[in-house]
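Peer 1: Based on what follows, work out the 3D shape:
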Amino acid sequence: MSSRRAFLGSVLLGAVLVLIAGGQAWVRGRTTDPVLGAGPVEALGSAAAPGALALALVAAAAAVGLLTGGPVARRVSAAVLALAALGIAGVVALVAADPVGTLGRQAAASAGRTGVVDVTAEPAPGLWLAAAGSLFVLVSAVIGAAGSRRWAGLSARYDAPAPAADSRGAVRTAWDDLSEGVDPTTSDP
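Peer 2: Next up, the predicted model:
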């Protein structure tokens, strides 16, 4: 498997895992709040860490830049991909480090309050799915940074055709024809 395919597979897999995890519970627990009532509460990834979903889309866009751009665009895209990967990992780590605070803020918001509601909380499988996705994006950032120097951008068939030269070797364009009163849209010279 080529490094381009490994790169594309890992970045897409990572981005898709993070996006899927956004619809899953990242933190689950219970509350005894009088407004919410005693019972289970959960925080979805899209509410607990909306930045992770946006960064997954940024990572996918950076992958397109790495695969199709020129040398400068590939360097910029590799840097953006690395920053997006670190951002996803950071957001996931923040939620994993403080599940009680994350769920308490979400529970308070669902009750229409500010601050934090007293809850007991533990990480849910969606958080670990997002962590796996961030790992894939991190791996793809390393692959992209290492291999992108050898990758070619799009082929020349996507470039605009070069204008033809006249008998003196001067390049003529449609603007030159228009300046001389020749309509380039008609077939009569």
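Peer 1: Strands along the chain, start to end?
Peer 2: Secondary structure of the chain by DSSP state E: the strands cover 25-31, 39-44, 119-123.
Peer 1: What are the buried residues along the second one?
Peer 2: Of the residues in strand 39-44, those buried by neighbour count under the rule 16 or more other C-beta atoms under 10 Å are 41, 42, 43, 44. Every residue, glycine included, has its C-beta placed from N, CA and C.
Peer 1: how much space between the residue nearest to residue 24 when sequence neighbours are not counted and residue 93?
Peer 2: Spatial nearest neighbour of residue 24, chain neighbours left out: residue 126 (2.9 Å); criterion: C-beta to C-beta, 6 or more residues apart in numbering. Separation of residue 126 from residue 93 (C-beta to C-beta, to the nearest Å): 15 Å.
Peer 1: Same question for residue 60.
Peer 2: 21 Å.
Peer 1: From the buried residues of strand 39-44, pick the one nearest residue 107.
Peer 2: Distance to residue 107, by C-beta to C-beta, is smallest for residue 41 among the buried residues of strand 39-44, at 4.9 Å.
Peer 1: Test my guess that the closest one contacts residue 104.
Peer 2: No - assessed by C-beta atoms under 8 Å, residue 41 is found out of contact with residue 104, at 9.2 Å.
Peer 1: overlap in contacts of these two?
Peer 2: residue 119 (C-beta atoms under 8 Å, 6 or more residues apart in numbering).
Peer 1: quick revisit: more neighbours: which of residue 60 and residue 93?
Peer 2: residue 60 (19 against 12; other C-beta atoms under 10 Å).
Peer 1: The more buried one is in contact with residue 15, isn't it?
Peer 2: Yes - between residue 60 and residue 15 a contact is recorded at 4.6 Å, counting by C-beta under 8 Å.
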